[in-house]
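S.K.: predicted structure and sequence below. I'll ask about it afterward.
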Amino acid sequence: MAKFSFSCFCKESQSITGRQDIMKRLIILVLWVVCMLALLVGCSSQENEIGDIDNHTPIALLDDAVVYNYIDDDGALVIGRYVLSSKRQSDIVSVEEFYISSGKPTVIDNSVILPVTLNTNEHKLLMVNADSDTSEMIFSEFNSYPMDAVSVMNTDIYMLSTMKDDVATATYIRKYNENTGDMDICIEKQFTDNTGEQITTFACSNENIYVLVNNMGAENDVYIEIYDDKKYDLLGKLYFDSELRNFVSNNGIVEFYCFDSYIYIRNFSDYGAIGEIENNQIKTFLNLPGLRMAYNGKNTQDNYYGFFVRNGRELYLLDVYSDTLYETNLDLSQDESIRNAISDGNNICISILDERDTESFTTKKTIIVDFNELKEKAYQTK
């Protein structure tokens, strides 16, 4: 009896010891998997992060480079590029006596075009070549009105300017002439304080020019005129629904973009809105405070268009082929938010703000994320 009991006890003890060994191995395996996953996530985050331009503002995302700008200690506008493959950063041009650069830069091939106004009232159209690290001023004029805007269609550069005399104010869209170096007028409108029409902004899309017009003689009468890009004939007009009309009329427009059958507008109160074009109407699709567009200076027809809420964590992806809106949140800490974002149609370059720095509001880090990666984490909202 004693032998039998001793034998059972030994077998039971061996069984317990064996189970303990298996449990230890399982625990070690689980810990190893967790560590590897954390390592992979960390490596992925580091691969997407650009560490050398955090104090600068990305203005264009190219094939292998990010073009940025910043204001130096002397008040000059400095434009440079960061090469993604070699991780090399270099400043290209410094614009002295800088006053303002309005609108958004545009991209043709690997050149970035942006309007720059000096405090001498000189307006320059600057072209920065990110392949050769060179720049040139392709157009210059003196004008007392500081705001310009540019857009591109294929390889053509268009610019909106305003000129005022003692009688009236003229707003006109001009096309850059490479042969003469001049700007040829394409579309022009004049107005006084209470009569005429004003071009407030414009955008190029679908081989057409979309012109936002304010009729000075009628209250809240604002609409979009569509012109072809060859003879500049008027093809039709688009009218806003009541929500967007109030949005446009009451606060002025600081940003305007057309893509596929949609438009994006942002007013001076920093409200952004996406409108959907149906026949000759523009209907409100999304309207949010702080809604910004991840601007693509190439002005190409893309599958996805990105939007974000400034000083928030929300990102929106609009699939224009299925007319579907997706929403996701960046995985940020409580002290982080989205400061700015730009796009090249496939990827989005995002500047993350360090909200603990309440004096200088510096960028904590800059990352590049693929649209498809964002879509995998997003959920459909519309």
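M.R.: Yep, that arrived. Residues are numbered from 1 along each chain as shown.

S.K.: only C-alpha atoms for contact and neighbour calcs from this point on.
M.R.: OK.

S.K.: so what's the residue nearest to Ala378 when sequence neighbours are not counted scoring on pLDDT?
M.R.: Once flanking residues are discounted, Ala378 sits nearest to Thr328: 4.5 Å by C-alpha to C-alpha, 6 or more residues apart in numbering. pLDDT recorded at Thr328 is 95.

S.K.: check the secondary structure at Thr328 for me.
M.R.: The three-state label given to Thr328 by DSSP: H, G, I helix; E, B strand; the rest coil is strand.

S.K.: surely it touches Gln380?
M.R.: No. The pair Thr328 / Gln380 is not scored as a contact, 9.0 Å apart, by C-alpha atoms under 8 Å.

S.K.: who has more neighbours out of these two?
M.R.: Ranked by neighbour count (other C-alpha atoms under 10 Å), Thr328 and Gln380 place Thr328 first, with 19 against 13.

S.K.: what sits against the more buried one?
M.R.: By C-alpha atoms under 8 Å, 6 or more residues apart in numbering, the contact set of Thr328 is Glu314, Leu315, Tyr316, Leu374, Lys375, Lys377, Ala378, Tyr379.

S.K.: domain ranges for this protein?
M.R.: 1-50, 55-147 (automatic domain parsing).

S.K.: of the ones you listed, which shows the lowest average pLDDT?
M.R.: Least confident of the domains of the chain, judged by mean pLDDT, is domain 1-50 with a mean of 49.

S.K.: give the bridge partners for the residue nearest to Ala378, please.
M.R.: Leu315 (DSSP bridges).

S.K.: quick check: it vs Phe308, distance?
M.R.: Thr328 sits 10 Å away from Phe308, taking C-alpha to C-alpha, to the nearest Å as the criterion.

S.K.: need the residues touching each of those two.
M.R.: Listed as contacting both Thr328 and Phe308 by C-alpha under 8 Å, 6+ apart are Glu314, Leu315, Tyr316.

S.K.: which secondary structure elements does the helix or strand hosting Thr200 sit against?
M.R.: Following DSSP states H and E, one finds Thr200 within strand 197-205. With contacts defined as 3 or more C-alpha pairs under 8 Å, 6 or more residues apart in numbering; DSSP states H and E, strand 197-205 has these neighbours: strand 149-153, strand 169-176, strand 183-191, strand 208-215, strand 253-259.

S.K.: nearest to Leu118, out of the ones you listed?
M.R.: Across the helices and strands packed on strand 197-205, the minimum distance to Leu118, taken as C-alpha to C-alpha, is reached by strand 149-153, at 14.9 Å.

S.K.: relative to strand 253-259, how tilted is that closest one?
M.R.: Put simply, strand 149-153 runs at 10 degrees to strand 253-259, going by axes from the mean of the first three to the mean of the last three C-alpha atoms, to 10 degrees.
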